[in-house]
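> When you get a sec, could you give me coordinates for this:
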Amino acid sequence: MKRRTIALAGVVIIALAAGGSAWAWRHRSATHAAIPGSAPVPGAAAPVVPAGTRIKVEVLNGTTTRGLARRATMVLRDAGFDVVLVGTEHAAGDTTLVIDRSNHPEWARLVADAMPPARVESRPDSTRYVDVTVVIGRAWRAPTQPLYP
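Numbers count the residues shown, from 1 in each chain. Sure, this is the predicted structure:
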């Protein structure tokens with residue numbers, strides 16, 4: 001009978017500790033999201049897309065580094081862009097090229113500002129169904145990512 005009581009007490013203590021940890025983690029996350037001017041998450045980009053605007057972006061890896069388009073996609077989505085296509089471009093360059101496809105040069109400039117160093121060109125093309133095309137160059141370095149174990 002005494003072993004059973006000790007085992008039950010141990011289970012209750014473990015459950016309370018796990019619940020308290022989960023509550024503290026959720027409370028901390030909610031507090032950081034709710035307090036204006038609180039410390040940002042390291043490596044996370046602040047949203048730069050104007051409210052109510054959807055900017056469709058195509059990301060092409062113009063380098064030989066595998067996975068760079070995927071990393072750029074995460075950076076752009078964190079900044080509020082809608083990445084709808086990811087692929088590879090075989091014409092590699094040193095500088096990242098941001099191409100305006102929808103006659104909105106200010107949108108292309110927003111994308112370029114999120115991925116420095118980049119240059120902007122205007123080549124309207126309504127058949128691509130995107131607003132901006134990004135061809136990642138060899139000079140672009142993905143920002144460091146926080147470790148979420």
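
> Spell out which strands sit alongside the strand or helix carrying residue 121 in the sheet and which way each one runs.
Assigned by DSSP states H and E, residue 121 belongs to strand 118-122. Strand pairing for strand 118-122, determined by DSSP bridges: strand 96-100 (parallel).

> Check the average confidence over the strand it pairs with, would you?
Here strand 96-100 scores 94 as its mean pLDDT.

> Could you point out the helix or strand that follows the helix or strand of the chain with the lowest mean pLDDT?
Every helix and strand of the chain was ranked by mean pLDDT, DSSP states H and E. The lowest is helix 2-34, at a mean of 64. Later in the chain than helix 2-34, the nearest helix or strand by DSSP H and E is strand 56-61.

> could you say what helices and strands that following strand packs with?
helix 68-78, strand 82-88, strand 132-136 (3 or more C-beta pairs under 8 Å, 6 or more residues apart in numbering; DSSP states H and E). In this view, the C-beta of every residue, glycine as well, is placed from N, C-alpha and C.
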